[in-house]
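S.K.: would you be able to build a 3D model of this:
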Amino acid sequence: MVLLHSVSVPLGSPLPKFNLKGTDEKMYSPTSFVNKKVLVIVFTCNHCPYAKAVEQRLIALHEKYSPKGMQLVCINANDAETYPDDSFKHMQEKHYPFPYLYDETQSVACLFQAQCTPDIYVYDHAQNLAYHGRFDDNWQDEHAVTSHDTEEAVKALLCGQKPNQNQQPSMGCSIKWKA
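M.R.: As a prediction, the model looks like this:
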């Protein structure tokens, strides 16, 4: 496990174009979410302890804010040959209440400049990057969290405001790139 932090991506950057298959066998692209007020894209995987630690928190975020116009989407770009737990078959076992997409070629992760799992991007209603950083300030113990960074960004956007511009990078296992 190699620990990495997300790289700085300029706020205001447009949502990269993609067309990926979800665990529900449907295809998803940015136009699938054009009617959403907020779009949260999370690069994640099945096996990383950092990703697993925020899994239930992501589901809770989805349940709380999807009725208010937020869409959560997870993307797995890990090399499934080297890390079989991250295969599409095992992704389908998750049964997330939001789209879980497979970036088999890893091209979408490259477009986003994704580095780690989880790597979190929050886009506004125009699909411009408004937040790119950590989920919260304590990946190990959700009961010790004092700063709910992603949720605060979502709430700000839903209220028509800009998220705090002082954004802390996400950290987690490196994306497992193909050789």
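
S.K.: could you use CA atoms for every contact and neighbour count after this?
M.R.: Fine.

S.K.: just read off the phi/psi values of Thr31.
M.R.: phi -70, psi -20 (degrees, to the nearest 10).

S.K.: any idea how far it lies from Asp86?
M.R.: Counting by Cα to Cα, to the nearest Å, the separation of Thr31 from Asp86 is 26 Å.

S.K.: which one's more surrounded, these two?
M.R.: Asp86 (23 against 12; other Cα atoms under 10 Å).

S.K.: so who does that one touch?
M.R.: Shown in contact with Asp86 (Cα atoms under 8 Å, 6 or more residues apart in numbering): Cys45, Asn46, His47, Asn76, Asn78, Asp79, Ala80.

S.K.: how about a cut-off of 6 Å?
M.R.: Asn46, Ala80 (Cα atoms under 6 Å, 6 or more residues apart in numbering).

S.K.: quick one: strands adjacent to the lowest-mean-pLDDT helix or strand in the chain?
M.R.: The helix or strand of the chain with the lowest confidence, counting by mean pLDDT, DSSP states H and E, is strand 3-5 at a mean of 88. If you go by DSSP bridges, strand 3-5 pairs up with strand 171-174 (antiparallel).

S.K.: so how far is the partner strand off the chain centroid?
M.R.: 13 Å (Cα atoms, centre = their mean, to the nearest Å).

S.K.: could you dump it to CSV, C-alpha only?
M.R.: These are the backbone C-alpha positions of strand 171-174, laid out as CSV (Å, rounded to 0.1, in the frame of the first residue of the first chain):
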residue,chain,number,x,y,z
MET,A,171,-5.2,10.8,1.0
GLY,A,172,-5.3,7.1,0.5
CYS,A,173,-3.8,4.2,-1.3
SER,A,174,-2.4,4.9,-4.7
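
S.K.: which residue is nearest the centroid of this structure?
M.R.: Val42 (0.6 Å; Cα atoms, centre = their mean).

S.K.: which non-adjacent residue is nearest Lys178?
M.R.: Asp79 (5.5 Å; Cα to Cα, 6 or more residues apart in numbering).

S.K.: before I go, just wanted to say thanks for your time.
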